[in-house]
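Student: have a look at this prediction, sequence included:
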Amino acid sequence: NKDEAYDLLRMALTSARFEPADVERIRAHVLSTLRRESTNPSSLADRKFLEVAFGDHPYGRPDTGTLDSVPKIEIADLKDYARRILAKDTLRIAVVGDVDPDTLGKLLDNTFGALPAEAELTPIPDVVAAKPPQRAFIPLDVPQTVVTFGGPGINRHDPDFMAADVVNHILAGGMSSRLFNEVRKKRGLAYSISEALLWMDHSALFIGNTGTRADRAGETVDAVETEIRRIADEGPTQKELDEAKSYSRASQMLALGTSAELAQALLQYQQDKLPIDYIEKRNAIVDAVTLDDTRRVAKKLWGDGLLTVIVGRAPQAAAQPAAPPKSN
C-alpha cells in the first residue's frame, strides 16, 4: 500500500482543500475540548504554569488556542499557515523498515518534492523561564487539588544535559525516585508524582505534576519543596548515580524495540541537531557522568526553588467536604 499511502500524504501536505464543513467539524471539536479544559484542574495548572514561566513570550501561550481565538480563525489563515510553514528546508525525515534506498528516494521525492524550498517562519527569541521561587493559586471547588511545579531547565546542547537527565531520574524517575518515595510511599499524599526535563528550540524547563486530597495540598507542596532543596544542597549518592546510569543505558535499548520507536528516536535526534551516530555514542556519554557533575547540575536546576501552581479549593475551605452540585 506504500504508493497510495505516500500519495495521500503528498496531497495532504501540498494540496489540502480545507473544505468548510471539515474546518467547522474540527473547530467544534477544538472548542469542545477547550470548554472541557476550562474546568479541568490539570489543564488549568499547566496553562498557568507556562504563563508564569514565560509571560508574554510565545511559549507562554496555549498552543491549542483559546475560546476567544479559535472562532476567529478563517480558512484563509489555515491556507496561509500551510504555505508558510510546510517547506523542505525545515523538513526532517526518519525511515525504518523493509525498503531499499532507491525505492525510498523516489517515494520521498514524489511526496515532498512539490513543497516550497524555504519556510517563512516567524522569528522567536530565546527566553529563560522566570526565576523561582514563585507560587500561583487558582481556586476551583474540586475534591482533589492539582499541583504543577518546575523551573528553568537545561538546553539540549548544554554540556551538562546528560548529567541533568541522570540526576533528574534520581529525583523523579519512576517508582524508585526520591519524590515518589517521599510523597507516596512515606506519606501517602498522592497516587503518583512525575517530573521531567522539557527542551524547546528557544528555552528549557523542568516540570512536574501531582494531585492530592484538598486538605493535604499544603503538606504535599512542602514535601516536594523539601526534597527539591535536599537534592540541590547535597546532590545524589554514588549508589543512586550508579543505578540511574544503569537504568539509562538499559532503557535506551528498550525504547528502541520497534520500528516506530526507532524512527521516532532518529527523528528526535535530527530535531535536536545531534550527530548521525548519536545512537551509538549515547551510552558512553551516560557513562562519563560523574558524581561531581550531578551535584553541580542539581544545584543549577533546583537551587533556586520552584515555580508552583496550585489548582483547587482555598486552604480555609480544604478541610470541608466539597459542595454538592446544584440542581437545575
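Tutor: Looks like it arrived, so ask away.

Student: and the nearest residue to Gln134 once chain neighbours are set aside, how many residues sit next to it?
Tutor: Spatial nearest neighbour of Gln134, chain neighbours left out: Leu307 (5.1 Å); criterion: Cβ to Cβ, 6 or more residues apart in numbering. All C-beta atoms are positioned from the backbone trio N, CA, C, and that covers glycine. Look at Leu307: counted by other Cβ atoms under 10 Å, it has 25 neighbours.

Student: ok, Leu307 touching Gly153?
Tutor: No - between Leu307 and Gly153 there is no contact under Cβ atoms under 8 Å: 11.3 Å.

Student: now do the shared contacts for those two.
Tutor: Ala129 (Cβ atoms under 8 Å, 6 or more residues apart in numbering).

Student: shouldn't Leu197 be within a strand?
Tutor: Yes - checked against DSSP: H, G, I helix; E, B strand; the rest coil, Leu197 lies within a strand.

Student: beta-bridge partners for it, please?
Tutor: On the basis of DSSP bridges, Leu197 is bridged to Phe206.

Student: ok, it touching Gly153?
Tutor: Yes - between Leu197 and Gly153 there is a contact under Cβ under 8 Å: 5.4 Å.

Student: which one of these two has more residues nearby?
Tutor: Gly153 (25 against 19).

Student: give me the number of residues near the spatially closest residue to that one that is not a sequence neighbour?
Tutor: Nearest residue to Gly153 in three dimensions, chain neighbours excluded: Ala204, at 3.5 Å (Cβ to Cβ, 6+ apart). By the criterion of other Cβ under 10 Å, Ala204 has 20 neighbours.

Student: so what's Ala204 up against?
Tutor: Contact analysis of Ala204 by Cβ under 8 Å, 6+ apart lists 129, 152-156, 197-198.

Student: closest to Asn40 among those residues?
Tutor: Using Cβ to Cβ, Leu198 is the member of the contacts of Ala204 that lies nearest Asn40, at 20.2 Å.

Student: surely the closest one is in contact with Phe206?
Tutor: Yes - judged on Cβ under 8 Å, Leu198 makes contact with Phe206 at a distance of 7.0 Å.

Student: okay, these two: which has more neighbours?
Tutor: Taking other Cβ under 10 Å, Leu198 and Phe206 do not tie; Phe206 has more neighbours (25 against 12).

Student: against Leu197, how distant is that one?
Tutor: In this view, Phe206 and Leu197 are 5 Å apart by Cβ to Cβ, to the nearest Å.

Student: quick one: common contacting residues for those two?
Tutor: Shared contacts of Phe206 and Leu197, counting by Cβ under 8 Å, 6+ apart, come down to 153-154, 168.

Student: got CSV for the residues you listed, with distance to Ile231, secondary structure and pLDDT too?
Tutor: CSV is the format used below for those (distance: Cβ to Cβ, whole Å; DSSP: H, G, I helix; E, B strand; the rest coil; pLDDT from 0 to 100):
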residue, distance to Ile231, secondary structure, pLDDT
Gly153, 15, coil, 96
Ile154, 15, coil, 96
Asn168, 10, helix, 96
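
Student: could the residues you listed go into JSON lines alongside distance to Leu13?
Tutor: What follows is the shared contacts of Phe206 and Leu197, written out as JSON lines (distance: Cβ to Cβ, whole Å):
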{"residue": "Gly153", "distance to Leu13": "32"}
{"residue": "Ile154", "distance to Leu13": "34"}
{"residue": "Asn168", "distance to Leu13": "36"}
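
Student: and of those residues, the nearest to Lys300?
Tutor: Ile154 (7.7 Å).

Student: right, and the closest one touches Val166 too?
Tutor: No - look at Ile154 against Val166 with Cβ under 8 Å: they stay out of range, at 11.4 Å.

Student: so where do the strands sit in the stretch 101-250 of the chain?
Tutor: Using DSSP state E, counting those that start in this stretch, the strands of the stretch 101-250 of the chain run over 134-139, 144-152, 193-199, 204-213.

Student: quick check: neighbours of the shortest one in the sheet, parallel or antiparallel?
Tutor: Yep, that's strand 134-139 we're talking about. Sheet pairing for strand 134-139, assigned by DSSP bridges, gives strand 307-312 (parallel).

Student: next, count neighbours for Leu189.
Tutor: For Leu189, using other Cβ under 10 Å, the count is 21.

Student: chain neighbours aside, what residue packs nearest to Lys48?
Tutor: That would be Val309: by Cβ to Cβ, 6+ apart, it lies 4.6 Å from Lys48.

Student: pretty sure that neighbour is touching Pro41, no?
Tutor: No - using Cβ under 8 Å, Val309 makes no contact with Pro41, being 10.1 Å away.

Student: any idea of the mean pLDDT for whatever helix or strand Ala12 lives in?
Tutor: Secondary structure assignment for Ala12, by DSSP states H and E: helix 2-14. When pLDDT is averaged over helix 2-14, the result is 92.

Student: kindly export it (C-alpha atoms) in PDB.
Tutor: This file holds the C-alpha atoms of helix 2-14, laid out as PDB (Å, rounded to 0.1, in the frame of the first residue of the first chain):
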ATOM      1  CA  LYS A   2       3.000   2.300   0.100                       C
ATOM      2  CA  ASP A   3       2.400   4.100  -3.200                       C
ATOM      3  CA  GLU A   4      -1.200   5.000  -2.300                       C
ATOM      4  CA  ALA A   5      -0.200   5.900   1.300                       C
ATOM      5  CA  TYR A   6       2.600   8.200   0.200                       C
ATOM      6  CA  ASP A   7       0.400   9.800  -2.500                       C
ATOM      7  CA  LEU A   8      -2.300  10.600   0.100                       C
ATOM      8  CA  LEU A   9       0.400  12.200   2.300                       C
ATOM      9  CA  ARG A  10       1.600  14.300  -0.700                       C
ATOM     10  CA  MET A  11      -2.000  15.600  -1.300                       C
ATOM     11  CA  ALA A  12      -2.500  16.400   2.400                       C
ATOM     12  CA  LEU A  13       0.700  18.400   2.500                       C
ATOM     13  CA  THR A  14       0.600  20.200  -0.900                       C
END
